[in-house]
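[1] Quick one: sequence and predicted model below, then my questions.
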Amino acid sequence: MNHVVLLLTACINPGDTFSVQRRDSLTRLDDYKKSLLFFLKSKSIKKIIFCENSNFDLKELIELAELNNSNNINIEFLSFYGQPEKPQYGKGNGEMNIISYALKNSKLLADSNIILKVTGRLIVSNIDLIVRSIERDFGVDIYCDLRKNLSTSDSRIFGATCIFFQKYLVNFQIDVNEAEGLCFEDILARSVHSALADGLSWTMMPHVHDLRGFAGTSNELIPSSRLRFIRRNIFRSIKSFILSK
């Protein structure tokens, strides 16, 4: 069985980072509180790493976890200053810093062979289904939804072995520059292709994710409805069938 750790990436105070419209720190903090409360109710998640890169005081979130952790999930909070050196690099570069910092400093990664990265402000309503499927699906190195002829990806939720994160993904951080059109989503796809060239295995996420919350780039509510979810599942089934040929 795979041992899955949930990595929630966070930036409570984005400052003047390029392409961020949901910028207010208190609004973002409230987003993180809501998502953390949701994930603490999970029956499948055993370990959570909450890693934040604006060096924000996490006292409120830590207290929230202490009061609402009835499932005894092992949770680790990390906070540091890791904003992009230049604002135009964008939030994707900052997210790379979060991942890199967690890889170097988290104690919960020691006995976890799959990291499931989720944008920390967002709720994944079917997270238990996704985690259980990954736990049973031993032998896959990367779980990631690639798009647009496999040239880009959905970076809000993806999973992979620690080796993929360490050897491939973080090494592409230097290329992230949103002002020049190179987003985290594109770099993630490139790192997947690089890993595949070296013999690692990839598949789409085991299930269509059901995300709830606000997009940081546009500050708009992420579209969510039962009909939309059914359509996405049908499209995913067709895409999975084509890619398996």
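    Cool, the structure landed.

[2] what's the pLDDT at residue 154?
    We have a pLDDT of 95 for residue 154.

[3] Residues touching stretch 101-115, excluding its own?
    2-5, 7, 47-49, 51, 53, 74, 76, 78, 80, 82, 134, 159-162, 165-166, 170 (CB atoms under 8 Å, 6 or more residues apart in numbering). The C-beta positions use only the backbone N, C-alpha and C, and glycine is treated the same way.

[4] Drop anything exposed from the residues you listed.
    Neighbour counting over those (16 or more other CB atoms under 10 Å) leaves 2, 4-5, 7, 47-49, 51, 53, 76, 78, 82, 134, 159-161, 165-166, 170 as the buried ones.

[5] For residue 189, list the residues it contacts.
    Here residue 189 is in contact with 144, 146, 150-153 (criterion: CB under 8 Å, 6+ apart).

[6] how about a cut-off of 7 Å?
    146, 150-153 (CB atoms under 7 Å, 6 or more residues apart in numbering).

[7] For it, identify the helix or strand it belongs to.
    According to DSSP states H and E, residue 189 maps onto helix 184-197.

[8] Tell me the buried residues in that helix?
    184-192, 194-195.

[9] nearest to residue 29, of the residues you listed?
    residue 184 (22.0 Å; CB to CB).

[10] and the nearest residue to the closest one once chain neighbours are set aside, how many neighbours does it have?
    Distances taken as CB to CB, 6 or more residues apart in numbering put residue 92 closest to residue 184, at 2.8 Å, once the chain neighbours are dropped. Residues lying near residue 92 (other CB atoms under 10 Å) number 25.

[11] cool, residue 232 as well?
    13.

[12] Ok, the one 3 residues further on next?
    Residue 235: 11 surrounding residues under other CB under 10 Å.

[13] Could you confirm residue 133 falls within a helix?
    Yes: under DSSP: H, G, I helix; E, B strand; the rest coil, residue 133 sits within a helix.

[14] and it, how many neighbours?
    Residues near residue 133, counting by other CB under 10 Å: 15.
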